[in-house]
Each structure stands twice: as C-alpha cells, then as structure tokens.
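Novice: predicted model and sequence below, questions to follow.
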Amino acid sequence: MGQTVSSRPQLATGARIGVVTFPGTLDDRDAARAVRLAGAEPVALWHGDADLHAVDAVVLPGGFSYGDYLRAGAISRFAPIMDVLVDAARGGLPVLGICNGFQVLTEAHLLPGSMIKNDDLHFVCREQVLSVQNVDTAWTRLFSPGEHITIPLKNQDGQYVATDRELDELEAEGRVVFRYEGVNPNGSRRGIAGITNERGNVVGLMPHPEHAVEPGFGPDSDAGPRAGTDGLRFFTSVLSALVHA
Ligand SMILES: NC(=O)CC[C@H](N)C(=O)O
C-alpha cells in the first residue's frame, strides 16, 4: 500500500472517560489518574447523576459501595446513574468494572454470574499474575493473546461463580478475558478473573489495573523500566478502540 505502518497504536487522546463514584467507592482517584496517564481526560460521574455527560467510556472503580451491604454491588446497581449506564453499555459504550465495579456489573446483569466470599473466607491482597485470554475487547486490544501480566488483587468477595451452562457459554464464546495464573486466590470457577459481554465493550475483572500504571509504583517495579505498568494498557486499549470505533 506504500504506507509506512507505525508500530505505535493510534490513541484517542482527547477522549473523555467517566469514573463513577458511589458512596463507599475507594479507587475513583486512582482510576482517574490512570485515565490521565493514558492520555485521556477523566470525568467525575456521581452515582446520583441522571446522565453520562457525553463521556466516551466509563470506569466503575473498586471499593465498598454502600458498605457491601446485602451483597457487594447489590445496592449500587439501583443508583440513578446505572439506569443510563446500562442502556449505554447495551448500545456499545465501553465500560470497565474493576473489583467492586465488576460486582456492580454482575448485579446489574451486564455480565453473567456472581461474586461470593473468597473460598478461604479471608480478605486477599497480593500481586496477581493473570493470563490474557481475549484481546478482542475494548479494554484489552493492546495485549497479546496468552500474555502474562501482574496487577494487584485486593478483595473479600472475589470468588466468581456461575452455572455450568453460563460457564460453558462464556468459554465457548471466548468471553473469559483473564484467568488467574499460578494460584487461584479465591476459588473462582475455572480460574476466571475477568469476563466480557457478547459485544466485547463491557469488561469486568477482580484485580486492579489502575494500581499498576506508573513505573516504580506497581508490582515488580524493580524489574525493569516497564515493570509495574501492565495496568496502563487497559486504559490505552480503550483509547485505541475509540479510534477504531
Ligand atoms: N477492592 C475492592 O474493590 C473491594 C471489592 C469488594 N467490595 C470486596 O471486598 O470484595
């Protein structure tokens, strides 16, 4: 074609990425910082908002929204912003649910299955290796298939469960996006750490990419210049997806 192909991905650096805060959310500031480091503009969205302020994608961050009462994510699911977010996600808006955000996505039925207590009934906090199983989602397109990445995991209700039929369907459709490698830290069915919807625009995972975005601060940060930054590619991936949308 006579064109020089650049190995650098094109990113929608002017994009506006919403980060939702519920009462009890903890990691909204880190998520906003990750968005900024990826080159986009974070937009603070409040759980009581009735619209999404025309953002290009949304992050549901981690934490203990509504104190995890009833079940983690069960109350947040009824927040006013979720009405508009569910419709927008069904229409193709990229949405990433991290930990408590993943719990909210399952409660809102944007993703199948549920999260229950870790199998050993202890809070877990560790640097977790994951294998990337699906790079055809809005949030993983800059990873390589089978790549191992390390990002922090910290939760009490991280055991992913679903019916055998739902699990078989997820596997058959390639919708398992991440699996735990080395250890299964919470007893999740089939080692599942993250999944996507049919369209690949909605992704939920238990570990926290927004805590592994800066060299020198993330996991294994003494292991080389890019070490500790595996989480940043979630955010650059969506900026690349927005260019190609
Ligand atoms: N880090 C988090 O988001 C914690 C999530 C959740 N509420 C749990 O402990 O299971």
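Specialist: Structure's in. What do you need?
Novice: can you pull the residues of this structure lying near the ligand?
Specialist: 62-64, 68, 72, 99-100, 154-158 (C-beta under 6 Å from any ligand atom). Every C-beta, even on glycine, is put in place using the N, C-alpha and C of the backbone.
Novice: give me the pLDDT for M1.
Specialist: M1 carries a pLDDT value of 41.
Novice: and stretch 211-219, how far out from the chain middle?
Specialist: 16 Å (C-alpha atoms, centre = their mean, to the nearest Å).
Novice: same question, stretch 176-195
Specialist: Worked out by C-alpha atoms, centre = their mean, stretch 176-195 lies 14 Å from the chain centre.
Novice: for it, which outside residues touch it?
Specialist: 102, 111-113, 118-120, 124, 126, 128-134, 137, 140, 148, 153, 155, 158-162, 167, 170-171, 175, 196, 203-207 (C-beta atoms under 8 Å, 6 or more residues apart in numbering).
Novice: what's the answer for stretch 33-48, then?
Specialist: 11-23, 28, 31-32, 52-53, 55-56, 58-59, 65, 76, 79-81, 209-210, 213-214, 231-232, 234-236, 239.
Novice: counting neighbours, what do you get for E173?
Specialist: 13 (other C-beta atoms under 10 Å).
Novice: now swap in G63 and tell me
Specialist: Neighbours of G63 (other C-beta under 10 Å): 23.
Novice: same thing with N186?
Specialist: The burial count for N186: 25, using other C-beta under 10 Å.
Novice: try the one 5 residues further on
Specialist: Around G191 there are 19 other residues, counting by other C-beta under 10 Å.
Novice: ditto for L70
Specialist: 10.
Novice: quick one on the thing from earlier: just checking, which of the contacts of stretch 176-195 belong to helices?
Specialist: Among these, the residues falling in helices (DSSP state H) are 102, 167, 170-171.
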